[in-house]
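J.: okay, predicted coordinates and the sequence, questions at the end:
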Amino acid sequence: MAEDTSWWSRLVARVRETSWAIDANDGIIATAGLLQGFAGAGAGDRLLLFTSIAAMLAGGLSAGGAKWAEVAAERESELELAAEEQSEIERDPQGELAELAAHWEGRGLTPELAHEVAQQLMTRDALAAQLDAEHGIEEITHASAPWWAGLETAIAFMIGAAIPVLITFLAPVAIETWAIVVAVVVSLALTSLVAAGVGRLSAVRMLIRSLIVGLGTMGVSYLAGVLFF
């Protein structure tokens, strides 16, 4: 069966990963923290709405760009290692075979079996065998992966940031600050529980960490707005 590489399938796979929830949490915390800072400074409703939308867009693009650069750098590193390994294989195939056999012998195989395994792997795909054994690279990152990773991170961040944006748009100014706090607590709780379930982590610990960071960020931002403006 051919692998489904559609945009929707990639997005669904991303949602199932712990990193998606973390990116969404970043969007929630960053936007809510900025809003609380402006609220503490006495900003009006229109300014808060503009600030929240600007934070959502700028933050999403920034997070996506950073993720794109990170994955692109990883791919470039993999390509450089692959080129070096290919050169070594062409220059000294027997030496590389012995090196691979030593790797498998070190993993617990007998010398005879280790040599046989290395021989078969080198015959099938010498470069892949060396990259996996020496560098832990099972597959070179696809050329489109950096772009997808950046897009997915930006979407996740903006989805999280949209929560305080909607509260700013819908809630009256008089209760807006508390409404944002409540919405952030609920949202962080949900995303943390999802992340913990997907990553098989402690839900309580992840929830506590997320709430400490989120509430701490909003508290510091609000105090900064009150004290300095």
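T.: Looks like it arrived, so ask away. On a predicted model such as this, the values are computed, not experimentally measured, just so you know.
J.: which residues in this protein form helices?
T.: Counting by DSSP state H, the chain has helices at residues 7-15, 18-40, 45-91, 93-106, 111-135, 145-170, 173-199, 203-228.
J.: next, the buried residues of the fifth one.
T.: By neighbour count with 16 or more other C-beta atoms under 10 Å, helix 111-135 contains the buried residues 114-115, 117-118, 121-122, 126-134. All C-beta spots, glycine's among them, are computed from the backbone N, C-alpha and C.
J.: that one to helix 45-91, inter-axis angle?
T.: Taking axes from the mean of the first three to the mean of the last three C-alpha atoms, to 10 degrees, one finds helix 111-135 and helix 45-91 inclined to each other by 140 degrees.
J.: remind me what helix 111-135 packs against, helices and strands.
T.: The elements that helix 111-135 packs onto, with contact taken as 3 or more C-beta pairs under 8 Å, 6 or more residues apart in numbering; DSSP states H and E, are helix 45-91, helix 93-106.
J.: and the longest one, what does it pack against?
T.: When contacts are defined as 3+ C-beta pairs under 8 Å, 6+ apart, helix 45-91 sits against helix 18-40, helix 93-106, helix 111-135, helix 145-170, helix 173-199.
J.: figure out which of the ones you listed is closest to E84.
T.: Among the helices and strands packed on helix 45-91, the nearest to E84 by C-beta to C-beta is helix 111-135 (9.7 Å).
J.: picking that back up, which one of the helices of the chain is the most hemmed in?
T.: Among the helices of the chain, helix 18-40 has the highest mean neighbour count (mean count of other C-beta atoms under 10 Å), at a mean of 24.
J.: alpha carbons only: can I get that one in CSV?
T.: Only the C-alpha atoms of helix 18-40 are listed here, as CSV (Å, rounded to 0.1, in the frame of the first residue of the first chain):
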residue,chain,number,x,y,z
THR,A,18,3.2,15.2,21.6
SER,A,19,5.0,18.1,19.9
TRP,A,20,1.7,19.3,18.4
ALA,A,21,0.2,19.9,21.8
ILE,A,22,3.4,21.6,23.0
ASP,A,23,3.3,24.0,20.0
ALA,A,24,-0.3,24.7,20.7
ASN,A,25,0.5,25.4,24.4
ASP,A,26,3.2,27.8,23.2
GLY,A,27,0.6,29.7,21.2
ILE,A,28,-1.8,29.9,24.2
ILE,A,29,0.9,31.0,26.7
ALA,A,30,2.6,33.5,24.4
THR,A,31,-0.5,35.3,23.3
ALA,A,32,-2.2,35.2,26.6
GLY,A,33,0.9,36.5,28.3
LEU,A,34,1.2,39.4,25.9
LEU,A,35,-2.5,40.2,26.4
GLN,A,36,-2.2,40.3,30.1
GLY,A,37,0.7,42.7,29.9
PHE,A,38,-1.3,45.1,27.7
ALA,A,39,-4.3,44.6,30.0
GLY,A,40,-2.2,45.5,33.0
